[in-house]
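Asks: Any chance you can model this:
(chains A and B)
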Amino acid sequence: MTYRIITRTEKNRGRRRFLGFLLYINKRKNTDFRRAKILFLLFKQNKKTPILYFFFRSIADSNPIMLTVSVKWQKEVFKSVEIDTSQPPYVFKCQLYDLTGVPPERQKIMVKGGLLKDDADWSTVGVKQGQKLMMMGTADEVVKAPEKGPVFMEDLPEEEQVASLGHSAGLFNLGNTCYMNSTVQCLHSVPELKSSLVKYSHSGRSNDLDQTSHMLTVATRDLFNELDKSVKPVAPMQFWMVLRKKYPQFSQLHNGVFMQQDAEECWTQLLYTLSQSLRSPGSSVNVDTVKDLFGIELASRIHCQESGEESSETESTYSLKCHISQEVNHLHEGLKHGLKSELEKASPALGRSAIYFKESRINGLPRYLTIQFVRFFWKRESNQKAKILRKVDYPLELDVYDLCSDELRKQLEGPRQILRDEEGKKLGLKANEKSSSSKDGDVKMTDAEGSSNAGGESSVAASQEGVPAGKETCLTGIYDLVAVLTHKGRSADSGHYVAWVKQENGKWIEFDDDNPIPQREEDIVKLSGGGDWHMAYICMYKARTVSM
Amino acid sequence: MSDPKNDAGTSQPKAPAKDPKKKEEEDLSEEDLALKQQLELYVERVQDSDPGLQKVALESMRHEIRTSTSSMTSVPKPLKFLRPHYGTLKTFYETMPESDLKKYLADILSVLALTMSAEGERESLKYRLLGSEGDIGSWGHEYVRNLAGEISQEYIKRQSEEAPIEDLMELVQQIVSFHMKHNAEPEAVDLLMEVEDLDLLVEHVDKTNFKRTCLYLTSAARYLPGPDDMLVLDIAYTIYLKFEEFASALQIALSLDNMQHVRQVFTSCDNQLKKMQFCYILARHGITFELDDEMVADDDDREALQDIINNTKLSESYLTLARDIEVMEPKSPEDIYKAHLLDGRASAGASVDSARQNLAATFVNAFVNAGFGQDKLMTAPADSSIGGSTGNWLFKNKEHGKTSAAASLGMILLWDVDSGLAQIDKYFHSNDNHVIAGALLGVGIVNCGIKNDCDPALALLSEYISKEDSSVRIGAIMGLGIAYAGAQNEQIRSSLTPILNDAKAPLDVIAFTAISLGLIYVGSCNEEVAQAIIFALMDRSESELGEPLTRLLPLALGLLYLGKQESVEATAEVSKTFNEKIRKYCDMTLLSCAYAGTGNVLKVQNLLGHCAQHLEKGETHQGPAVLGIAMVAMAEELGLEMSIRSLEHLLQYGEQNIRRAVPLALGLLCISNPKVNVMDTLSRLSHDSDSEVAMAAVISLGLIGAGTNNARIAGMLRNLSSYYYKDASLLFCVRIAQGLVHLGKGLLTLNPYHSDRFLLSPTALAGLVTMLHACLDMKAMVLGKYHYVLYFIVLAMQPRMLMAVDENLKPLSVPVRVGQAVDVVGQAGRPKTITGFQTHSTPVLLAAGDRAELATEKYIPLSPILEGHVILKENPEYREDS
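Replies: A predicted model of the protein is given here:
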């Protein structure tokens, strides 16, 4: 009896190494045994190198028939493979394992009428001398499902689909309520307002707050909440009712239906109410969230040319006005215009009323700068609010530095320098990997840089009080456009209001009542008027900050 | 043929009495006057009693006529001048005794009758038959033509009276031989068709005119009714065989679907190279054909030939083409969507995977990279970390989506059986039934159109068809259907038919089994399969009959009779006994399938009639009727244009269920052939307020642009993708259509017609029709869990290439002119067959309506039609300088 041992180290595509020992018994000289028996053992010596042992005691017919076939496997053809027909096909598969490295249980050998079974009888299979067989099978890893399958949008509960949608829901028009819808959508885009509303509790009504204000605040909170959760458009029923209750002017009827209203009025009133209700009740300092976010400090100098009197006063407002006149072509000019005014008042020095000039400058900047285009004026002859259609361009990035008071400018210089450095870095060599983009405002600067550049700079305006301690975020006087409320039509009480809001992912969405439509950034600055298309009425800018 | 204009022109001034006549005489030139007087003298002499004088007069008259009949732009002078004497001669003829002279006169009268006999009298023929039977051509072409016209009229008359026609046939013989000798093959063929004796043609064709004759015959066959077309093609076949134009004979044999003829072509030809070319033609046609030793004696030769028929090298050629055109780089679905070209509207950077959109991407990826063997989703490089992106993409599909994803691997590795099976193998060992089902389907797709001695598809799939899980079963069954379409494999039949009548089998398994059997036995009229499907239909319960899936059963039945015309009648009779819910549907499907690709106008009208009815009970049979119009009319260009117009009417006046099917019908009519008018119609419909109409229109936009990379359709679809960005179902359809337009990166076509639109591949049509029928109910099938029905179009996928190979079947680069095909049927001389051509070197792509011709004399093609694989033989007479 001769034993032929075939050893082969199969590098299976570099992934695993199989070591196969095929104990092959040459039976030509052995005629004693009648049946073949195979033992197939798999030992795992260590995890990486499994070793296969095949033992078979064989043991064959007295008259073994050897067939030679060629086997095709993928693109290879193994010519003249011998089949010992006295052995079960499994032995043949072991031979093929030796040639191809495909384990026998993964081999599929096509013969006429089906696959070759491990225990089939060669005589019934009908393999002929010189026949071509085809073997299929690979030693490739069997594909396994990843443990954590992907989550599909279709499977998500409705609330979670919102995130994947990339924008929040629209609002149904309840009958000329587009002024309200667009206002809500714009304010809804302020995350800080949302978070402070969430903190506002039902019961936490402070005594100095009237019932309706409280209700309106709660309704606002609920509406914002709903907008975030829903994919489908929301009907702001509750909010509207409360709003009308608080401000009865919004329930004006005309021909039995509610009238169109001025969005700016709605905006102002809503903010006023929220500023009332969102003062932290507990703390001794009256923290005014709304003022914190939107409030603008103006320092004005009033002087009378006649008498040479001069006085100064400070005031706080929630929006800057952009006055539109013949000379105004650009937002900046309009703002400058808006900060100068003439007024007539009694002059103590002259003892009569005189013309005073008032010149204001910004003394404190908000995080969200609201700009109202004064497009509507009361036209006496037609007895309605007429609209100025003049085109006034506005930028995506607004710098209000030259509108600020000297004092504020000094404060702004440091942060502006940092911002410039950063942008320079971003544009130029990316030498310092640690510096990151300043795009979204919440930039983390390395301490080293912060101190080296603007070490002892004090914190900015009074409006910064609400910011948590630690790393101070500083305003730079540079603002990015985040929301535009537009009006289309010829008068304030007619036409259509629409909100265009920049989402957190940087995409713009036009909220036309219940229908949110994605828009391009280029199209946003085209809402500057000069035609019958939507034109900007209120713009909301978000401050670009640096942390120090 | 008498010329009425000349007739009128000459008779009117003469009709009144002498005065004007004299006046006219004055107008005549001296020469004419002499001729006139001469003729009048002859007429007088003819009536003379002296036979000698008569004879001389007749001879002279005959001479005058013969010498002048050569030009036929106007009535020849002698005829004109003899006109007043026609009556006289006629009456004299009656009085003449039987003699040679009388026959002589009959001859002359026959010629005179050409312009003078009253309409419908057929006197020319009458006197010809009475005449001397001399050389017919001696009287000129016009006379022969006129005679032919009268013969066909006379023939019809005699047929109705059952009178003998021998004398006519003798004349026909003469006329045909005259026509055939004088380059008037169409006239000869027309006459023979009129007298229903085309066999005569075979004797009269010769080496110079048989090609034009056969071309005329084959083109005429498209417009002939009933069995006549078969007859005509048969004659063409005989002629081709007679002149050893075997490749053309083979094409006719294939269009007749006559395997006996195909065999005969092989046995008659003894040139191995030519036989190879035959095999390429057979392979493109997509039929299963076994060579035996009678056809090819040598074993090795036979094996080589069988390999060609079995398409084993198709993948190789396709990849050669792809490398030549430099499109091997795999494309991802994003490359196709080209979202960056859209403004703002593009998907708002969805952070979460959408199963629907991933499934669409799976299909797009499969269609675009079909046959290339590599892509960016499924076939990841092997050396990537365990699991690789392969596993990842597969599992980015949900449940049944995984089936399509795993099967898409089959599409990517299309025709490449060896590495295809190797790559699919790993999915067989998955523990997810959907994945296994996909792997099984993938095996079927890889083997589509490829035959292999080892029958790997059968071996692998057969053990899965009786598994427990129905998705696995469907995968295996559908795989078999695709892999063995048209093979008529007994073994598969015996294992599939029991499923049809298995009471426990779920409906979807039964439906797909039926379709698979229909595909495997497409156009075979197999009784047993038909029986099994009929029983399965009868066993369905009332509620099951309402299911959209059940509608696949009548379709399967129809596929058995695809293009087989009358053979369907017995089965159609049986279908009348079905439950009324399915009866009409079955009727329409059977009718449309049986007459598919025949261009039978009566059937189109019948189907249109069904569409014109307004239904109230929400029946569904009008959908297949509309598709049927397209299936029948797609055969030839004229009928196609007409049915596009009729479909436009259906669109305006039809009910919603008809309107839903119209886009699909348009898609089938112009498949892979983006006609601008159809494109516009579909573009309009893609914005239809009915979403199902819009979906069908979108899919059809993909179908008409399939494999063309048509920029206009691609642009339309891109805009639609932004228009429908919110509507997941429609967006899915848009994606599928985008994938179709870029099918095989523009190298493939879905057109079932090939070889100059002459042959219709039955399996390709079957695949398309199945897919379209499934699209009739978009929501239940394609948008539901049976989206893998889309893979049926793999049956119609073929490279739209011209690949020239040398005598060793190695690709050869030769210059060819590719241009718009021109219809040259019945044109004299050797007209140009293409127009507006450009010269390329092979391999080259052929668009719809394109034709190629060799731009070099160096080689001789072995196939008359340059499409697909063409073997080029070196021209022994070629000299480099000349």
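Asks: For the helix or strand hosting A:G424, which residues meet the burial criterion?
Replies: In this assignment (DSSP states H and E), A:G424 forms part of helix A:406-427. Neighbour counts using 16 or more other C-beta atoms under 10 Å in any protein chain shown place A:L408, A:R409, A:Q411, A:L412, A:G414, A:P415, A:R416, A:I418, A:L419, A:D421, A:E422, A:K425 of helix A:406-427 among the buried residues. Where C-beta positions appear, they are placed from N, C-alpha and C, glycine not excepted.
Asks: Put the alpha carbons of that helix into PDB.
Replies: Output in PDB follows, covering the C-alpha atoms of helix A:406-427 (Å, rounded to 0.1, in the frame of the first residue of the first chain):
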ATOM      1  CA  ASP A 406     -16.700 104.700  18.700                       C
ATOM      2  CA  GLU A 407     -16.800 102.900  22.000                       C
ATOM      3  CA  LEU A 408     -18.300  99.800  20.400                       C
ATOM      4  CA  ARG A 409     -15.900  99.900  17.500                       C
ATOM      5  CA  LYS A 410     -13.000  99.700  19.900                       C
ATOM      6  CA  GLN A 411     -14.600  96.600  21.400                       C
ATOM      7  CA  LEU A 412     -15.100  95.100  18.000                       C
ATOM      8  CA  GLU A 413     -11.600  95.600  16.700                       C
ATOM      9  CA  GLY A 414     -10.100  92.600  18.600                       C
ATOM     10  CA  PRO A 415     -12.600  90.000  17.500                       C
ATOM     11  CA  ARG A 416     -12.600  91.300  13.900                       C
ATOM     12  CA  GLN A 417      -8.900  90.900  13.800                       C
ATOM     13  CA  ILE A 418      -9.200  87.300  14.800                       C
ATOM     14  CA  LEU A 419     -11.800  86.700  12.300                       C
ATOM     15  CA  ARG A 420      -9.700  88.200   9.600                       C
ATOM     16  CA  ASP A 421      -6.800  86.100  10.600                       C
ATOM     17  CA  GLU A 422      -8.900  83.000  10.500                       C
ATOM     18  CA  GLU A 423     -10.300  83.700   7.100                       C
ATOM     19  CA  GLY A 424      -6.900  84.500   5.800                       C
ATOM     20  CA  LYS A 425      -5.700  81.200   7.100                       C
ATOM     21  CA  LYS A 426      -8.600  79.400   5.500                       C
ATOM     22  CA  LEU A 427      -8.000  81.000   2.200                       C
END
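Asks: Name the residue of the stretch 351-500 of chain A that lies nearest to chain B.
Replies: Per C-beta to the nearest C-beta, A:W500 is where the stretch 351-500 of chain A lies closest to chain B, at 11.6 Å.
Asks: Tell me the bridge partners for the nearest residue to that residue once chain neighbours are set aside.
Replies: Closest residue in space to A:W500, ignoring its immediate chain neighbours: A:V484 at 4.4 Å, by C-beta to C-beta, 6 or more residues apart in numbering or on different chains. Beta-bridge partners for A:V484, by DSSP bridges, are A:W500, A:C539.
Asks: burial measure for A:V484, as a count.
Replies: 28 (other C-beta atoms under 10 Å in any protein chain shown).
Asks: The one 10 residues further on too?
Replies: The criterion is other C-beta under 10 Å. On that basis, A:S494 has 15 neighbouring residues.
Asks: The closest residue to B:S567 other than its chain neighbours: what's it in contact with?
Replies: The shortest distance from B:S567 to any non-neighbouring residue, by C-beta to C-beta, 6+ apart, is to B:C525 (4.8 Å). If a contact means C-beta atoms under 8 Å, 6 or more residues apart in numbering or on different chains, then B:C525 has B:L560, B:Y561, B:K564, B:S567, B:V568 as its contacts.
Asks: List only those of the residues you listed flagged as buried.
Replies: Burial by neighbour count, 16+ other C-beta under 10 Å: within the contacts of B:C525 this picks out B:L560, B:Y561, B:K564, B:V568.
Asks: buried stuff in whichever strand or helix holds B:L640?
Replies: For B:L640, the host element (DSSP H and E) is helix B:637-653. Within helix B:637-653, the residues scored as buried using 16+ other C-beta under 10 Å are B:G639, B:L640, B:S643, B:I644, B:S646, B:L647, B:L650, B:L651.
Asks: re the thing from before, now do the helix holding A:G424: which elements does it pack against?
Replies: Here helix A:406-427 touches strand A:352-364, helix A:447-454, strand A:473-488, strand A:535-547, going by 3 or more C-beta pairs under 8 Å, 6 or more residues apart in numbering or on different chains; DSSP states H and E.
Asks: which stretch in these has the least confidence?
Replies: Here the helices and strands packed on helix A:406-427 differ in mean pLDDT, and the lowest is helix A:447-454 at a mean of 40.
Asks: OK, contacts around the residue nearest to A:W500?
Replies: Going by C-beta under 8 Å, 6+ apart, the list of residues near A:V484 reads A:C186, A:A499, A:W500, A:V501, A:I524, A:L527, A:A536, A:I538, A:C539, A:M540.
Asks: now with 6 Å?
Replies: Neighbour list for A:V484: A:W500, A:L527, A:A536, A:C539 [criterion: C-beta atoms under 6 Å, 6 or more residues apart in numbering or on different chains].
Asks: and if you look at A:S312?
Replies: A:S312 makes contact with A:R301, according to C-beta under 6 Å, 6+ apart.
Asks: what's the answer for A:L216, then?
Replies: Contacts of A:L216 by C-beta under 6 Å, 6+ apart are A:V242, A:K246, A:T273.
Asks: Within the helices and strands, which one has it?
Replies: Using DSSP H and E, A:L216 maps to helix A:211-229.
Asks: list the buried ones in stretch B:468-477?
Replies: By neighbour count with 16+ other C-beta under 10 Å, stretch B:468-477 contains the buried residues B:S470, B:S471, B:V472, B:R473, B:I474, B:G475, B:A476, B:I477.
Asks: Please apply the same query to stretch B:807-821.
Replies: For stretch B:807-821, a neighbour-count test (16+ other C-beta under 10 Å) marks B:L809, B:P811, B:L812, B:V814, B:V816, B:R817, B:V818, B:G819, B:A821 as buried.
Asks: Let's see the distance spanning that stretch from one end to the other.
Replies: 27 Å (C-alpha to C-alpha, to the nearest Å).
Asks: Stretch B:545-562 now?
Replies: Stretch B:545-562 has an end-to-end distance of 23 Å (C-alpha to C-alpha).
Asks: Distance to chain A and pLDDT added to the buried residues of helix B:637-653, as CSV?
Replies: Supplementary listing: those in CSV, determined by distance: C-beta to the nearest C-beta, whole Å; pLDDT from 0 to 100:
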residue, distance to chain A, pLDDT
B:G639, 45, 90
B:L640, 41, 92
B:S643, 40, 93
B:I644, 37, 94
B:S646, 40, 92
B:L647, 35, 93
B:L650, 34, 90
B:L651, 30, 90
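Asks: This completes my enquiry, with thanks.
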